[in-house]
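> just a sequence and a predicted model for now, questions to come.
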There are 2 protein chains.
Amino acid sequence: MLLDVSLEQAQNIILSHIPALAGEQLPLMDSLGRVLAADYHAAHDLPLQARSAVDGYALAVAEAPSGSSFVLKDPPSTYDEAEISGEQAMAVTTGGLMPGGTQAVVPHEKTRLQDGKLSVLEIIKPGNNIKTGGEDYTEGELLAGGGAVIDAGVAAVLAAFGYGRVQVRLRPRVAILGLGNNIVPFQVTPETYQVRDSNGPMLAAMIARDGGSVVSLEVASSLASATDMMRQMLSEADMVICTGGTYAKGADEARQVMDSLGVELFYWGVPIQPGSHHGLGKQGSTLVMALSGNPAACAVSYHLYVAPALISMQGRQLVYPMVKARCTNGFAKKSGSRRFVRGHARYADDGWQVEVLPGQKPSMLKSLLNCNCLIDLPAGTPPVGVDEKVTIWLL
Amino acid sequence: MLLDVSLEQAQNIILSHIPALAGEQLPLMDSLGRVLAADYHAAHDLPLQARSAVDGYALAVAEAPSGSSFVLKDPPSTYDEAEISGEQAMAVTTGGLMPGGTQAVVPHEKTRLQDGKLSVLEIIKPGNNIKTGGEDYTEGELLAGGGAVIDAGVAAVLAAFGYGRVQVRLRPRVAILGLGNNIVPFQVTPETYQVRDSNGPMLAAMIARDGGSVVSLEVASSLASATDMMRQMLSEADMVICTGGTYAKGADEARQVMDSLGVELFYWGVPIQPGSHHGLGKQGSTLVMALSGNPAACAVSYHLYVAPALISMQGRQLVYPMVKARCTNGFAKKSGSRRFVRGHARYADDGWQVEVLPGQKPSMLKSLLNCNCLIDLPAGTPPVGVDEKVTIWLL
């Protein structure tokens, strides 16, 4: 008989069973938003040598007052051989080489050109608008480490060093199985006693956002078809999420299907509301997450159990920022177990505030709209008054 | 001659020239993360009629003390015809119908079953664990409006009402053109006088994140090829971003190319640092955004000019939250023009704090790593001391 575990125990057990996903090499432009699977270092100084930082004119003087005049010299075919001296100036471009003898660069907009005479309209100081060799990165410096998301900044530095193909983590493959004889796929018109599956699309949206890839989405109306579907899913996914059929600690369908397929169970039940009907198993290297079929319970469980696992499979750690917030509308129920209330948080001049979203029953969908935080109410919390402070987890 | 405009003027002019993008109909599962192009309403009450909110047992009594006993009655093939009365109980499932006569439902885990006798281990109250018809949504209620991102919550409600195909905004098609005779595509090994284009991949990462689709990415080393490339881009994109060649108010390459193709110019130059070298044009319904070629200037310009336009093309409004933050490390330069310093912000117990990122020259890449905010320093701001308060824009 498996025991309940606390939320923190459950999260630790999950993280101790994360399969290590392999990497794959992709063209940089196909890797945007993915997670690096290796460290990348600067292959050379950047810039390689001194460069102009602006479009403008190289000057051979290091200091001069505003209003100084220079004689424009035509640039040669390559700057390697160019030289300036005395009162000479030469056009240079952003990121481009400069002629020998350059002491400072002045941007175009701080100059006036008339009859070949260049007037400089600012005070010239040594090294102005010159990037020195290695000023941005020096050879061997870490650009971005394994686990970094390839966002705009990482993409820019990888491109600057010519990393045209990069090693990224495989996306975790996730299969979603909805259980219940009163659930139909959302594309199907339900009978009176049935409802459409909304958990599948909801989970798919969050899985995609968190870097996973949904490889199958099924709804099973019998134990036999559920077993067949999960068997297939175990062979092709890194994680199987099973929603519904989790009601009791004894003979519930999710548990029966997992048992019949030899899925090893680690725990079953976590004393929180909603989301207590959750169990974790594993077969081979595939994690199996059983979640409640109630939409709000399913969503809360995703945030607490599934998202940390998916992020961890990609070599990262998910930590929700926890902050104190003023609850603008209160919450009328007392909480027997620890409770996670869906909220909408915003930062105002006087600090964080959170609105309890309407429709807080686990069976209702409405609290999932505009939800950007969970309000964490410890077991035994009395009703929350208007303007009372609560702890929120920013999602 | 076009005049400089202020940042706010530039942003208003941009928003006044946004082309209206058409919508397209997609299967719900292919629309996750996209933006709704129409309002969606509840086609019926949800639930349609009363349902069980849990897996458990329907009871015919409305009130009873903990420890009460019931006789389990087998459920029929359809619940429509089932009835319970007196001390009868009948198994029900989450979201499923209940037999006639149901007054309350008790979840499995609050019961014990022995020899056909069901003991209920909690106090029974009227309507316990019953969802009433329409309690989540009533017919005609707005589920999600045009402009809403199809996140997990929106996907769930659309699925629950069977919206298998949804009308979404087309992704803005964006073409990126890098100008400069010392710039090569990042896949190419540069000559000594050249550098790799890092702006293209950087912009592509942000464009993808903001819902756009990069339809072409080119680097032009001559005015002639730039003109050919931009001509093609104007015919196939909703927005052309041109980086580099923006140095002066007179004869700069970006301006020359735009002029030669009949692009109407609205302004040229915004007095901020970095990002002053920015101009806006339009040909037909295609916006042309000229940005500085310096990476940090290009990134800041993206946040200030491009992102609001892309989001607006999708029928949404981008508003960066602005908050006061304690600057943990200060910034040594005084700011002649209004300046946007790249920072990393985090919320701590005593409020927001921001670290000025290393490498703040416009020509450097380093400040783009871990950048999650811009520090907005008004024109004339003296050096910022350690622990001084500054205004930040959260990206």
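Yes, it's here.

> neighbours of the residue nearest to A:Gly351 when sequence neighbours are not counted, how many?
Distances taken as C-beta to C-beta, 6 or more residues apart in numbering or on different chains put A:Arg326 closest to A:Gly351, at 6.8 Å, once the chain neighbours are dropped. (Glycine included, C-beta is placed from N, CA and C.) Residues lying near A:Arg326 (other C-beta atoms under 10 Å in any protein chain shown) number 15.

> likewise A:Leu3?
A:Leu3, neighbours per other C-beta under 10 Å, totals 9.

> same deal with A:Leu118?
21.

> remind me what the strand or helix carrying A:Val288 packs against, helices and strands.
Per DSSP states H and E: A:Val288 is located in strand A:286-291. In terms of contacts (3 or more C-beta pairs under 8 Å, 6 or more residues apart in numbering or on different chains; DSSP states H and E), strand A:286-291 is packed against helix A:223-236, strand A:239-243, helix A:253-260, strand A:279-283, helix A:295-301.

> could you redo the last one with a cut-off of 10 Å?
For strand A:286-291, the elements it packs on are strand A:173-179, helix A:223-236, strand A:239-243, helix A:253-260, strand A:264-268, strand A:279-283, helix A:295-301, helix A:307-313, judged by 3 or more C-beta pairs under 10 Å, 6 or more residues apart in numbering or on different chains; DSSP states H and E.

> grab the nearest non-local neighbour of the residue positioned nearest the centre of chain A.
For chain A, the residue nearest the mean C-alpha position is A:Asp210 (6.1 Å; C-alpha atoms, centre = their mean). Sequence neighbours aside, A:Leu310 is the residue nearest to A:Asp210 in space, at 4.8 Å (criterion: C-beta to C-beta, 6+ apart).

> and stretch A:261-277, end to end?
20 Å (C-alpha to C-alpha, to the nearest Å).

> to clarify, my last question referred to stretch A:42-61.
33 Å.

> give the contact list for A:Arg316.
A:Val35, A:Leu36, A:Gly146, A:Gly147, A:Ala148, A:Val149, A:Arg169, A:Asp210, A:Gly211, A:Pro308, A:Leu310 (C-beta atoms under 10 Å, 6 or more residues apart in numbering or on different chains).

> ok, A:Val215 next?
Contacts of A:Val215 by C-beta under 10 Å, 6+ apart are A:Arg171, A:Pro172, A:Arg173, A:Val174, A:Ala175, A:Ile176, A:Met233, A:Glu236, A:Ala237, A:Asp238, A:Met239, A:Val240.

> hmm, which of those are the buried ones?
Of the members of these, the ones counted as buried by neighbours, 16 or more other C-beta atoms under 10 Å in any protein chain shown, are A:Arg171, A:Pro172, A:Arg173, A:Val174, A:Ala175, A:Ile176, A:Met233, A:Ala237, A:Asp238, A:Met239, A:Val240.

> now those in TSV, with pLDDT and distance to chain B?
Below are those laid out as TSV (pLDDT from 0 to 100; distance: C-beta to the nearest C-beta, whole Å):
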residue	pLDDT	distance to chain B
A:Arg171	97	14
A:Pro172	98	16
A:Arg173	98	16
A:Val174	98	13
A:Ala175	98	14
A:Ile176	98	11
A:Met233	98	17
A:Ala237	98	17
A:Asp238	98	20
A:Met239	98	17
A:Val240	98	18
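
> what angle separates the longest strand along chain A from strand B:338-348?
Longest among the strand segments of chain A by residue count, using DSSP state E, is strand A:338-348. Strand A:338-348 runs at 160 degrees relative to strand B:338-348, counting by axes from the mean of the first three to the mean of the last three C-alpha atoms, to 10 degrees.

> and strand A:338-348 with chain B, contact?
Yes - contact of strand A:338-348 with chain B (C-beta under 10 Å from any C-beta of the partner chain) involves A:Arg342, A:Arg346, A:Tyr347, A:Ala348.

> run a quick neighbour tally on the first one.
Put plainly, it is A:Arg342. 27.

> got the contact list for it?
A:274, A:296, A:299-300, A:303, A:356-360, A:364, A:366-375, A:395, B:153.

> repeat that for the last one.
By C-beta under 10 Å, 6+ apart, the residues touching A:Ala348 are A:Ala325, A:Arg326, A:Thr328, B:Pro321, B:Val323.

> could you give the bridge partners of it?
A:Gly351 (DSSP bridges).

> do you know how far it is from A:Val384?
With distances taken as C-beta to C-beta, to the nearest Å, A:Ala348 is found 18 Å from A:Val384.

> next structured bit after the helix or strand where A:Gln353 lies?
Element membership of A:Gln353 [criterion: DSSP H and E] is strand A:351-356. For strand A:351-356, the succeeding helix or strand toward the C-terminus, using DSSP H and E, is strand A:373-377.
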